[in-house]
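J.: sequence first, then the predicted structure, then my questions.
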Amino acid sequence: MNQHFDVIVMGGGHAGCEAAMAAAGMGSSVLLLTPDLNGLAKMSCNPAVGGIAKGQIVREIDALGGYSALVTDAATLQFRMLNRSKGPAMWSPRAQCDKQLFSAIWLSKLLSCSKLSIYADFAVNLLFENAKIVGVSTTTGAIFYAKAFILTAGTFLNGKMYIGQHTFEGGRIGEKASYGISDQLAAFGIPTARMKTGTPPRIDFRSVDTSRLQPQPGDSEPERFSFLDVPSSVQQEGQQMNCYLLHTNERVHDILRTGFDRSPLFTGRIQGKGPRYCPSIEDKLRTFPENDAHQLFLEPEGKNSPEYYLQGFSSSLPLEVQLEAVHAIEGLENAIFFKPAYAVEYDYFDPQYLHYSLRSKVVENLFLAGQVNGTTGYEEAAAQGIMAGMNAHLFLQEKEPFVLRRDQAYIGVLIDDLINKGVDEPYRMFTSRAEYRILLRQDNADFRLTALSHELGLASDSRYAAMMKKQEQVQELTDICERTKMRQDVVNEYLTSVGSTPLSESKHLKELVARPELNLSDLLNFVPRGTFSFTPDVITAVEVVIKYAGYIEREKLQAEKNNRLEYIRIPAGFDFDHLQALSIECRQKLKRYKPETIAQASRISGVSPADISVLLVYFGR
């Protein structure tokens, strides 16, 4: 058994799997420590990937050469492109997945990597020399050594679970918590606190009356997540599983309220802050007392499994209250539980003590990724994982870290928010957090990121070649749109049929595409085809750029203006007390978080525009 590695990844969740594959893919020897080989990237909460803003993140991970999109496509049960009725900045892919298959495929990906080893155990103790970690010991007494370490422990650090008045230790139901490392890092000077998350009951679908529920089918023409030309499972099979829409009612709410006096959330036994945008059902009743119903979804967890997930009904109420309340929901009168809902409370570390590479400012060779940084969600965790893995390898090579700006990726927004704003509740990505969201669309993640990753050695040659070929096709179709004239006698009948103003004279195809009521795919039917043929993703890419050209150009100009501040660096160890013109709060915050550029300083809470003007005068000269 090899005991010496370049990188050790502690935790086999979504962050850990992406981190391990990224570091190994760039050439580092990697050990992944995880207690259960069958639970890799486990979907412990909702068995779905993507959604609003999260879908964009998964596409970005794929563009960088990560594996979340490929694994999702292979395990998809249903695909939907959300927000189609809105602008393209809001379009977000989402896939319901087979959670057992998802983990199995991840295991096969990890095992296929020659530079990666797996050891099934918990890391329990870090071995330090000065301010560096040199090794880690496990529950079974094994000791492994490395030059860099990535902590991706999810909800397992001092994890504690709650169901009513019952409290028990663990990071997930039926799985042990992890002890030791959290206390070590806290003692070393990294601030730690508690957060809480939860999950709803799992229900036996055979006990559900589906005739009283509203089916939610997938898209009639399902897409895939990955930019690689590998059809998803539902594209290959032509079949998708339904989700189902249902609602609570006043009787359900009355039953739930009978358990409030035994709720660990309300009695103060749970100290950690829960996710604002994914509250428990009891939290919803307290926050929105005027609502007489709340929307729920019943979602499949596997193609060959009767286990379904009751989304929107996470809870820490007593088991008997959960059962009675669920049985008061129409269609679930005879529902049988596989698992009850429960809450889990766990340790996380203040992400403001990280560099933008996700390397600790306190322990020089430690990287942190995922829920240990205060985030929630598989996608946010996986994004941090791939960045930590890439940067751990670059750190060992003594190369500059790989950092994404806010105008380059949602991943850049995520990490910048964590480091500059910190967290006081589980952080979840939304499109509203990104000021350049028309630039950060799900359709162009490969154009934004693949070349950057390929240059660093992660994105493969074949992935880069596929991106370049797509770019050439986009340019070819753009040229066709700019030079092709559409005659009145050819298109006016079509224009009238769709409610668009007929032409009085010939116009270029690009001018027609710019009309909001027209689409390029239909208009191409009136262009002599010749030898050209374009895939739907190429057509979409060209159409979006034409329709939203003004918005895109405006955001590019704003991003260029703001990015100038990224190049004005603040010397390491600078004494901010020297600048008395800065406010006291500004000096305190700058000394605490040590920004590396004026742009980073501008995004720290408590640093005002007036303070930035002072810094510009001083450092800009």
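T.: Perfect, thanks for sending it. Numbering: from 1, shown residues only.

J.: need the residue closest to the centroid of the protein.
T.: With distances taken as CA atoms, centre = their mean, the residue of the chain nearest its centroid is E379 (2.3 Å).

J.: count of neighbours near the nearest residue to it once chain neighbours are set aside?
T.: Nearest non-adjacent residue to E379, counting by CB to CB, 6 or more residues apart in numbering: K54, 4.0 Å away. From N, CA and C alone the C-beta is placed, and that goes for glycine too. One way to gauge burial is a neighbour count; for K54, by other CB atoms under 10 Å, it gives 26.

J.: contacting residues for K54?
T.: Under the criterion of CB atoms under 8 Å, 6 or more residues apart in numbering, the contact partners of K54 comprise S92, R94, G377, Y378, E379, E380, M429.

J.: relative to P609, how far out is Q588?
T.: Q588 sits at a distance of 18 Å from P609 (criterion: CB to CB, to the nearest Å).

J.: which of these two has more neighbours?
T.: The neighbour count for Q588 versus P609, taken as other CB under 10 Å, is higher for Q588 (14 against 7).

J.: tell me what the longest helix out of those in the chain is packed against?
T.: Taking residue count as the measure and DSSP state H as the definition, the longest helix of the chain comes out as helix 461-483. With contacts taken as 3 or more CB pairs under 8 Å, 6 or more residues apart in numbering; DSSP states H and E, helix 461-483 sits against helix 445-456, strand 507-508, helix 509-513, helix 536-547.

J.: again, only using 10 Å
T.: Under the contact definition 3 or more CB pairs under 10 Å, 6 or more residues apart in numbering; DSSP states H and E, helix 461-483 sits against helix 54-64, helix 445-456, strand 507-508, helix 509-513, helix 520-523, helix 536-547.

J.: ok so Y346 is a strand residue?
T.: Yes - when DSSP: H, G, I helix; E, B strand; the rest coil is applied, Y346 is found to be in a strand.

J.: where do the strands of the stretch 301-450 of the chain begin and end?
T.: Taking DSSP state E, counting those that start in this stretch as the criterion, the stretch 301-450 of the chain carries its strands at 307-311, 337-339, 342-349, 366-368.

J.: err, the stretch 101-250 of the chain, not the other one
T.: Under the criterion DSSP E, counting those that start in this stretch, the stretch 101-250 of the chain contains strands at 116-119, 123-129, 132-138, 143-151, 160-163, 166-169, 192-199, 202-204, 214-216, 243-247.

J.: surely L495 meets R487?
T.: No - with contact defined as CB atoms under 10 Å, L495 and R487 do not form a contacting pair (11.8 Å).

J.: now the common contact residues for these two.
T.: Taking CB atoms under 10 Å, 6 or more residues apart in numbering as the contact definition, L495 and R487 share the neighbouring residues L503, F526.

J.: which of the two has more neighbours?
T.: L495 (20 against 12).

J.: and the more buried one, how far from Q488?
T.: Summarising the geometry, the distance separating L495 from Q488, computed by CB to CB, is 9 Å.

J.: list residues touching both of these two?
T.: In the contact map built from CB under 10 Å, 6+ apart, the residues linked to both L495 and Q488 are P502, L503.

J.: what's the distance between T597 and I568?
T.: Distance check for T597 against I568: by CB to CB, it reads 6 Å.

J.: E425 too?
T.: Relative to I568, and taking CB to CB, E425 is found at 32 Å.

J.: in stretch 1-17, which residues are buried?
T.: Going by neighbour count (16 or more other CB atoms under 10 Å), the buried part of stretch 1-17 is 5-17.

J.: now those in CSV, with distance to H327, secondary structure and pLDDT?
T.: Output for these, formatted as CSV (distance: CB to CB, whole Å; DSSP: H, G, I helix; E, B strand; the rest coil; pLDDT from 0 to 100):
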residue, distance to H327, secondary structure, pLDDT
F5, 52, strand, 98
D6, 54, strand, 98
V7, 50, strand, 98
I8, 48, strand, 98
V9, 43, strand, 98
M10, 42, strand, 98
G11, 37, coil, 97
G12, 37, coil, 97
G13, 33, coil, 96
H14, 34, helix, 98
A15, 37, helix, 98
G16, 38, helix, 98
C17, 38, helix, 98
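
J.: among those residues, which one sits closest to S85?
T.: Proximity of the buried residues of stretch 1-17 to S85 (CB to CB) peaks at H14, which lies at 29.7 Å.

J.: got a list of what that closest one touches?
T.: For H14, the contacting residues are 40-43, 49, 61, 68, 71, 102, 106, 152, 154, 369-371, 377-386, taking CB under 10 Å, 6+ apart as the criterion.

J.: what's the answer for R437, then?
T.: Remark: with contacts taken as CB under 10 Å, 6+ apart, R437 is in contact with A53, Q56, G87, P88, A89, M90, Y410, V413, F430, T431, Y551, E555.

J.: what's the nearest residue to the second one if we skip its chain neighbours?
T.: Nearest residue to Q56, sequence neighbours excluded (CB to CB, 6+ apart): Q442, at 4.6 Å.

J.: count the residues that sit near that neighbour.
T.: Neighbouring residues of Q442 were enumerated by other CB under 10 Å; the total is 23.

J.: from K470, how far out is it?
T.: Using CB to CB, one obtains 14 Å as the distance from Q442 to K470.

J.: where's F79, which helix or strand?
T.: F79 belongs to strand 76-82 when assigned by DSSP states H and E.

J.: next structured bit after that strand?
T.: strand 92-97.

J.: just the angle between that following strand and strand 243-247, please?
T.: Calculated by axes from the mean of the first three to the mean of the last three CA atoms, to 10 degrees, strand 92-97 forms an angle of 100 degrees with strand 243-247.

J.: quick one: list the elements packing against strand 92-97.
T.: Where contact means 3+ CB pairs under 10 Å, 6+ apart, strand 92-97 is packed against strand 48-50, helix 54-64, helix 68-74, strand 76-82, helix 99-111, helix 233-237, strand 295-300.

J.: please redo it, this time with the cut-off set to 7 Å
T.: Packing partners of strand 92-97 (3 or more CB pairs under 7 Å, 6 or more residues apart in numbering; DSSP states H and E): strand 48-50, helix 54-64, strand 76-82.

J.: mean pLDDT and distance to F395 added to these, as a markdown table?
T.: Formatted as a markdown table, these follow (pLDDT from 0 to 100; distance: least, CB to CB, whole Å):
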| stretch | mean pLDDT | distance to F395 |
| --- | --- | --- |
| strand 48-50 | 97 | 29 |
| helix 54-64 | 98 | 17 |
| strand 76-82 | 97 | 35 |
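
J.: switch the ones you listed over to TSV; also include distance to L228.
T.: Conversion of the helices and strands packed on strand 92-97 to TSV gives the following (distance: least, CB to CB, whole Å):
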stretch	distance to L228
strand 48-50	16
helix 54-64	8
strand 76-82	15
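
J.: of all these, which one is nearest Q475?
T.: Of all these, helix 54-64 sits nearest to Q475, with 18.6 Å by CB to CB.

J.: can I have the buried ones of the contacts of R437 as a ChimeraX selection?
T.: The ChimeraX command for the buried members of the contacts of R437 (criterion: 16+ other CB under 10 Å) is given here:
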select :53,56,88,89,90,410,413,431,555
